[in-house]
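Undergrad: quick one, structure for this:
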Amino acid sequence: MVNWNFDYVIPSLLMLVVIMGFYFALPRLPIRMNKLFLAILVNEAIVILSDIISSWADNNYQTIAAPILVLLNAVFFISFAARMYLYYCFTAALLRVDTYAKRIHTVIIALPILFLQLLVLIGFVHGTIFYIDDTGYHRGPFHGLIYVVSFFYVIYSFFIMFKLRDRIRRKRERYGIFFFNIIIFVGLIFRYALPKMLLFDTFCMMSDMVIYLVFANPEGFLERRSYTFNSKALRSYVEENLGKGGFKMLAFILNDYHDMREIYGGVQMDQGISLISAHLIKCYPKCLNFYYNNGRFIILGDNRTEFEVIHEELRNRFKLPWRAFNAELYLDACYALLDCNKNYKSVDEVFNTLNLLLEKTESIGDDYNILTDEEIHQDYEDRLEVKKALEYAVDNDKVEVFLQPFMDSKTRKVIGAEALSRIRDSAGKIIPPGEFIPIAEMNGRINQLGEQVFEKVCRFISENDIETMGLEFINVNLSPIQFMRADLVDRFTSIINKYDVNPELIHLEITEVFMIDELLMERQINILQSSGFKFVLDDYGKGYSNLSRMKRSPFVNIKLDMEVVWDYCNEPDVFIPMMVKAFKEMDLGITAEGIETEQMADAMTDIGVDYLQGMLFSPPIPEDEFVKKYSSK
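TA: Numbering: from 1, shown residues only. Coordinates of the predicted model:
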């Protein structure tokens, strides 16, 4: 007879109760990983309870009928074997092993557990794994297979971990998947060496704790302000279900979200987000509700979901205020529908289309209609082509520099130029910068693109006698993302030194967007100014700057935005001349953009503008054409 030690298994059961309490208290995303963890917890409860009960019964075999002892031990061994298989399945889920596409492989991997459980069932009659006789519980002739199968699943888990290691990119998750498997492996060794101690349940609970903390904690998939699912949860769900069953997403975005945060304040807007999320959870419990950041929400449902009805209900609800902290928030939204029943090739394609839909629906500002992915599909294809062209141009140093002249307003002779980036599509056609610059800023290529333009301008200056062309400076645009780089001055200075160019010949253009963060702007400008660069403020009139801030800012030139120029030329007023006069008194040069007619040029000259730029004089042209056109002048 075997006497079992219960000193470790009872605390393990208490640990399990704590984990299950926290796990069931929060909403859970219905994905494979969470379903498997739920199965692990339920099976763990069965294993521990059956371990305690069967061991107690085995210790008291004289008073318990043999069939009951057999049944209790059979339940334990079946659930014990299932435990090891579930840990393997969880590892496979983390590594995104596609069990649907590789069903034969899945069946083969399941054969050991099926064979072992069959032996347990046969043991009711023949005592293969264990048997009960007049002296109590005994190991059967095939008892060792329990360890063989268990070690097989752990070792195979390590094998696929090594083979598919690139699928887990975050170190925390890599360590997590390794440690919960190594804990199980060590626990099996202890169980084999000390079978009477019931230690293995404790090791399994340690492993479950690692899984919970690293992978399965529901809070990792929840937006903390609203307890709807977050963008990480949305990507996880789409990754798992794309192509395996139809689902659709009704997305809506709060109009002017960032302006609303300024108006109502961050605390009240966060409360508003929570109220909207709570409304979605309450009214659409059969759907999955996500908060996708920056005032964007997703309602995900199957093909039976009546999204038109949901859309109309939400429209009516947004006509009413959202009350937060005794304040009323008046918000409105625009809507888009993405149908994942269609043949989307990848998860990235789904999310790129979703983001494009939300961008477009926000720009349209229509809450009555739902923008669909059918309407946006060609836009997505075009954007994908632009993205490919951008990546090719940046990676192969194919970004071209076009130059557009600045003309002296009085002499109408060229005095400077602006360098503008251009790329080409696969057919060699120029892609407008308005199409590729936003993509470059989103995917991080803007730094490489901007640096290539800067270097090619330096090369152009070093290889040409720009004085004979009448050029006193060349403007180079800086994107907001470039401007924030801490090493920008080092990179630009190294390029300047490489081509032996005087930095005063290059004027760096920044837009009024930079003026919002004055501390960042002043710090970067001071650093670059100390290296000899000069600054120009672009697109004046579109942003937030004012004359007092202009007075404090170290610009050498202010470029009036095209719309400001056109508005004045169409309807002259006193404001623009007074503003130009104020700039002149501050010793700032003035450039007027968008000059298309002689009348516009004369009007700007009359109010004191120094430089003129626009199609009247020249469109942006390649460097070689610019040299030919202006070298003789």
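
Undergrad: quick one: the strands in the stretch 351-500 of the chain?
TA: Along the stretch 351-500 of the chain, the stretches classed as strands by DSSP state E, counting those that start in this stretch are 370-372, 400-408, 414-424, 430-431, 473-477.

Undergrad: against which helices or strands is the third one packed?
TA: In this case it means strand 414-424. helix 373-395, strand 400-408, strand 430-431, helix 433-443, helix 446-463, strand 473-477 (3 or more C-beta pairs under 8 Å, 6 or more residues apart in numbering; DSSP states H and E). Backbone N, C-alpha and C define where each C-beta goes, glycine included.

Undergrad: what's the longest one in contact with?
TA: The reference is to helix 373-395. 336-339, 342, 349, 352-353, 356-357, 360, 398-399, 423-426, 431, 435-436, 439-440, 443, 445, 448-449, 452 (C-beta atoms under 8 Å, 6 or more residues apart in numbering).

Undergrad: keeping just the C-alphas, turn that helix into CSV.
TA: Only the C-alpha atoms of helix 373-395 are listed here, as CSV (Å, rounded to 0.1, in the frame of the first residue of the first chain):
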residue,chain,number,x,y,z
ASP,A,373,-14.4,48.9,-47.9
GLU,A,374,-15.8,48.4,-51.4
GLU,A,375,-15.6,52.1,-51.8
ILE,A,376,-12.1,52.3,-50.4
HIS,A,377,-10.6,49.2,-52.0
GLN,A,378,-9.0,51.0,-55.0
ASP,A,379,-7.6,53.6,-52.6
TYR,A,380,-6.0,50.8,-50.6
GLU,A,381,-4.5,49.3,-53.8
ASP,A,382,-3.2,52.6,-54.8
ARG,A,383,-1.7,53.3,-51.4
LEU,A,384,-0.1,49.8,-51.5
GLU,A,385,1.6,50.6,-54.8
VAL,A,386,2.8,54.0,-53.4
LYS,A,387,4.2,52.2,-50.4
LYS,A,388,6.1,49.7,-52.5
ALA,A,389,7.4,52.6,-54.7
LEU,A,390,8.5,54.5,-51.6
GLU,A,391,10.3,51.6,-50.1
TYR,A,392,12.1,50.8,-53.3
ALA,A,393,13.1,54.5,-53.8
VAL,A,394,14.4,54.8,-50.2
ASP,A,395,16.2,51.4,-50.1
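
Undergrad: that one - what's its average pLDDT?
TA: For helix 373-395, mean pLDDT is 82.

Undergrad: which stretches of the stretch 1-150 of the chain have low pLDDT?
TA: Applying pLDDT under 70 to the stretch 1-150 of the chain flags the ranges 1-8, 99-102.

Undergrad: how does it look with 80?
TA: For the stretch 1-150 of the chain, residues meeting the criterion pLDDT under 80 lie at 1-10, 98-103, 105, 123-127.

Undergrad: all helices of it, in order?
TA: In the stretch 1-150 of the chain, the helices defined using DSSP state H, counting those that start in this stretch lie at 9-25, 32-59, 66-94, 103-126, 145-163.

Undergrad: quick check: closest non-adjacent residue to residue 210.
TA: The shortest distance from residue 210 to any non-neighbouring residue, by C-beta to C-beta, 6 or more residues apart in numbering, is to residue 180 (4.2 Å).

Undergrad: next up, the contacts around the one you found.
TA: Contact analysis of residue 180 by C-beta under 8 Å, 6+ apart lists 87, 207-208, 210-211, 214.

Undergrad: quick one: the helix or strand harbouring it to chain centroid distance?
TA: Using DSSP states H and E, residue 180 maps to helix 171-193. Relative to the centre of its chain, helix 171-193 is centred 31 Å away, using C-alpha atoms, centre = their mean, to the nearest Å.

Undergrad: hang on, the earlier thing: of the strands of the stretch 351-500 of the chain, which shows the lowest average pLDDT?
TA: Across the strands of the stretch 351-500 of the chain, strand 370-372 has the smallest mean pLDDT, namely a mean of 85.

Undergrad: helices or strands up against that one?
TA: Contacts defined by 3+ C-beta pairs under 8 Å, 6+ apart place strand 370-372 against helix 307-318, strand 333-339, helix 347-364.

Undergrad: which of the helices of the stretch 1-150 of the chain sits most buried?
TA: Mean neighbour counts were taken over these using mean count of other C-beta atoms under 10 Å, and the top value, a mean of 21, falls to helix 66-94.

Undergrad: angle of it against helix 103-126?
TA: Counting by axes from the mean of the first three to the mean of the last three C-alpha atoms, to 10 degrees, helix 66-94 lies at 170 degrees to helix 103-126.

Undergrad: ok and helix 66-94 relative to helix 145-163, angle-wise?
TA: If you take the same axes, to 10 degrees, helix 66-94 sits at 10 degrees to helix 145-163.

Undergrad: neighbours of residue 372, how many?
TA: Other residues lying near residue 372 total 14 when counted by other C-beta atoms under 10 Å.

Undergrad: next one: residue 259
TA: If you count neighbours by other C-beta under 10 Å, residue 259 ends up with 9.

Undergrad: tell me the most buried of the helices and strands packed on strand 370-372?
TA: A comparison of those by mean neighbour count, using mean count of other C-beta under 10 Å, puts strand 333-339 on top with a mean of 23.

Undergrad: turn the helices of the stretch 1-150 of the chain into CSV, columns for distance to residue 312.
TA: Compiled in CSV, the helices of the stretch 1-150 of the chain are given as follows (distance: least, C-beta to C-beta, whole Å):
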stretch, distance to residue 312
helix 9-25, 34
helix 32-59, 33
helix 66-94, 38
helix 103-126, 43
helix 145-163, 48
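
Undergrad: of those helices, which is nearest residue 198?
TA: Among the helices of the stretch 1-150 of the chain, helix 9-25 comes nearest to residue 198, with 4.4 Å by C-beta to C-beta.

Undergrad: what separation do you get for the residue of the chain most remote from its centre and residue 69?
TA: Going by C-alpha atoms, centre = their mean, the residue of the chain most distant from its centre is residue 134, 64.8 Å out. Distance, residue 134 to residue 69, by C-beta to C-beta, to the nearest Å: 12 Å.

Undergrad: what does stretch 444-452 rub up against?
TA: For stretch 444-452, the external contacting residues (C-beta under 8 Å, 6+ apart) are 390-391, 393-394, 397, 399, 421, 437, 439-440, 477-479, 481-482, 485, 491, 495.

Undergrad: sorry, slip of the keys, the one I care about is stretch 171-178.
TA: Residues outside stretch 171-178 that contact it (C-beta under 8 Å, 6+ apart) are 91, 94-95, 161, 165, 168, 210-211, 213-215.

Undergrad: for those, which one is nearest residue 319?
TA: Nearest to residue 319 out of these is residue 215 (C-beta to C-beta; 42.2 Å).
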